[in-house]
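Asks: need coordinates for the following:
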Amino acid sequence: MPHNAPIANRSDTIILPVETLTREFDAKLHLALRAAARGWRVIFGGRTAIHSALPSLPRSIYVAKGIRTGNRRIFKLLDQLGHVIVALDEESLIRQSDEALLMMLDEETFNRPRLLYAWGKSDADVWRTFKGYHGNSIIEAGNPRIDLLRPELSGYFAPDAAALVQKFGTYVVVSTNFSMVNHYIPDHVRFRTAKGTDVDRSETLKSGLIEHKSKIFESFRKLIPRLADAIAPVNLVIRSHPSENASVWAAAAAGRKNVHVVHEGPMAPWLMAAKALVQNGCTSAVEAAIIGTPALAFRPHISETYEVDLSNRLSVDCTTAEELFSALQKILSGNSPPDGGLHTNRMALLRRHIASVDGPLSCERILDSLENQANLLALSPDNRLMQRLSGLAGHYRRRAIRAFTTRLRRSKSSRTYTSHKFPGFTEDMIVNRIERFRKIFPNLPEVSRHRLGRGIFVIEKR
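Replies: Okay, the predicted model is just below:
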């Protein structure tokens, strides 16, 4: 009997959409392979392509990447077309405040997923305080992205890290997180709250966060040339957030030859190959802590309200440029502890925020839940004809609207922006990555793959 034995009225197909290639591709492919090993059929591809093809896809378990109010329409559409939704929330780990996180949730969207996958106890506890929470099953599953940073999978990104050392030699990486004030789309501000939120309080938080982020952003712009000079001839690599306008950082470098602004591949190998990380409020501080790369938080403006507590607590605190330069020189000269002098309770902090930092992998926790809570994942009855017709009408209406908005440069649906975040992948990329995983886990069964549509593949056990 296969691990994923047939269960009455539950789909044997999982849909895994990828929105941001550099952040999600490898982790979700790993999840796809482990799902296939258990007998699941996995539809894997770009999110835009999958959403365009929804009416032609079999009713499946759709793994969403967010539960915020911005997912309201697509969740309703998925439900009408007969799919079962389960959901991660990529962005609840690094948050300015619990209050702001809750403002981005609406009752309808939050309760559509049958299973909610929290990063850990920290965000799970916050979700349970949401006044619109109906008691849906919340599972502290971590995140598949974290699996690839753990020691047992460290070899996966080793070839990429080695190539980066070969190309850049010794370097320090700066990770930026300023899409709120430096978005790829000019003048776009990303702070969407749910309907019914206290407007005055929402505007207060939004304006305060914009003001704080603007100050930090300007400080980082001024820092870049000074930092490049301070560590020269060591290289300075700048990795901007996928939603940022990276040209700002190239301009800030002012022609310095040891500065490289890049947006290539996932962040993990860049951290593995780096001597240190400089950041403020970035997920990369968490990734660096797990990998073992020293992280430094440049904090020229302190705010208890608007700073990210987790990334600060996992980093060496530097409130001035001089403190930052001094800390980096110690690291580069080999006189600083490998963990950047962090307190020994770092693992306890990580465990509270990320369930899968040790113990079972996040992929296994997610797949276990799909099997152990199969009673919650039953497909809707086939006789919901009117629901499906409404879903089809909604799908084609949405597609018609997107045909217009994708041509608008300042729209978040613009082709330029979506192509920036997801330039696409080839079958060769999938084959190459699968071989890497099989070298690390030889017991993974061989899988077949075939193209279901443009940018969409089916992965299943042979």
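
Asks: so what touches stretch 427-446?
Replies: Stretch 427-446 is contacted from outside by 25-26, 29-30, 33-34, 36-37, 44, 152-153, 155-156, 159, 447, 449, 451, 457, 459, 461-462, using CB atoms under 8 Å, 6 or more residues apart in numbering. Glycine gets a C-beta too; all of them are placed from N, C-alpha and C.

Asks: 10 Å instead?
Replies: Contacts with stretch 427-446, where a contact means CB atoms under 10 Å, 6 or more residues apart in numbering, come from 21, 25-26, 29-30, 32-34, 36-39, 44, 148, 152-160, 425-426, 447, 449-451, 457, 459, 461-462.

Asks: ranges for the strands of the stretch 201-350 of the chain?
Replies: Using DSSP state E, counting those that start in this stretch, the strands of the stretch 201-350 of the chain run over residues 235-239, 259-262, 276-279, 295-298, 316-318.

Asks: switch the ones you listed over to CSV; also include mean neighbour count.
Replies: Output for those, formatted as CSV (neighbours: other CB atoms under 10 Å):
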stretch, mean neighbour count
strand 235-239, 23
strand 259-262, 19
strand 276-279, 27
strand 295-298, 24
strand 316-318, 19
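
Asks: could I get the ones you listed as a markdown table with distance to A327 and mean pLDDT?
Replies: Formatted as a markdown table, those follow (distance: least, CB to CB, whole Å; pLDDT from 0 to 100):
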| stretch | distance to A327 | mean pLDDT |
| --- | --- | --- |
| strand 235-239 | 15 | 97 |
| strand 259-262 | 19 | 96 |
| strand 276-279 | 8 | 98 |
| strand 295-298 | 6 | 97 |
| strand 316-318 | 6 | 95 |
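
Asks: still on that earlier bit, whichever of the contacts of stretch 427-446 end up buried, select them in PyMOL.
Replies: Buried subset of these, written as a PyMOL selection, criterion 16 or more other CB atoms under 10 Å:
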select buried, resi 21+25+26+29+30+32+33+34+36+37+38+39+44+148+153+154+156+157+160+425+447+449+457+459+461
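
Asks: so which of the contacts of stretch 427-446 are in helices?
Replies: Residues of these located in helices (DSSP state H): 21, 25-26, 29-30, 32-34, 36-37, 158-160.

Asks: from those residues, pick the one nearest N335.
Replies: A158 (26.9 Å; CB to CB).

Asks: the closest one and I291 touch, don't they?
Replies: No - using CB atoms under 10 Å, A158 makes no contact with I291, being 11.8 Å away.

Asks: identify the contacts common to these two.
Replies: The contact lists of A158 and I291 share P269, M272, where a contact means CB under 10 Å, 6+ apart.

Asks: check which element follows the lowest-mean-pLDDT helix or strand in the chain along the chain.
Replies: Lowest on mean pLDDT, DSSP states H and E among the helices and strands of the chain sits helix 415-421, with a mean of 63. Using DSSP states H and E, the helix or strand that follows helix 415-421 in sequence is helix 427-440.

Asks: quick check: buried residues in that next one?
Replies: By neighbour count with 16+ other CB under 10 Å, helix 427-440 contains the buried residues I430, R433, I434, R436, F437.

Asks: ok, back up a step: between the ones in helices among the contacts of stretch 427-446, which is nearest G82?
Replies: Nearest to G82 out of the ones in helices among the contacts of stretch 427-446 is A32 (CB to CB; 21.7 Å).

Asks: so what's the closest one closest to, chain neighbours aside?
Replies: V42 (4.3 Å; CB to CB, 6 or more residues apart in numbering).

Asks: can you classify the one you found by secondary structure?
Replies: Reducing the assignment at V42 to three states with DSSP: H, G, I helix; E, B strand; the rest coil gives strand.

Asks: how close does it sit to L116?
Replies: Remark: distance between V42 and L116 (CB to CB, to the nearest Å) = 21 Å.

Asks: for these two, indicate the residue with more neighbours.
Replies: Set V42 next to L116 and count neighbours by other CB atoms under 10 Å: V42 wins out with 27 against 24.

Asks: that one reaches L29, doesn't it?
Replies: Yes - applying CB under 10 Å as the test, V42 and L29 come out as touching, 9.3 Å apart.

Asks: residues in contact with both of these two, list them for me.
Replies: Joint contacts of V42 and L29 (CB under 10 Å, 6+ apart) are L16, F457, I459.

Asks: is the last one in contact with H450, as I believe?
Replies: If I follow you right, that is I459. Yes - in this structure, I459 is within contact of H450 by CB under 10 Å, at 8.8 Å.

Asks: list the contacts of S202.
Replies: With contacts defined as CB under 10 Å, 6+ apart, S202 is in contact with E99, A100, M103, M104, F191, R192, T193, A194.

Asks: I'd like to know which of the shared contacts of V42 and L29 are part of strands.
Replies: Counting by DSSP state E, the shared contacts of V42 and L29 place L16, F457, I459 in strands.

Asks: could you give me the buried positions within the longest helix along the chain?
Replies: Determined from DSSP H, the single longest helix within the chain is helix 199-231. Using 16+ other CB under 10 Å as the test for burial, helix 199-231 gives 202, 205-206, 209-210, 212-213, 216-217, 220-221, 223-225, 227-228, 230-231.

Asks: mean confidence score for it?
Replies: When pLDDT is averaged over helix 199-231, the result is 95.

Asks: let the chain start at 155 from now.
Replies: Happy to do that; since the first residue is 155 now, the last one works out to helix 353-385.

Asks: so how far is that helix off the chain centroid?
Replies: Distance, stretch centre to chain centre, for helix 353-385: 22 Å (CA atoms, centre = their mean, to the nearest Å).
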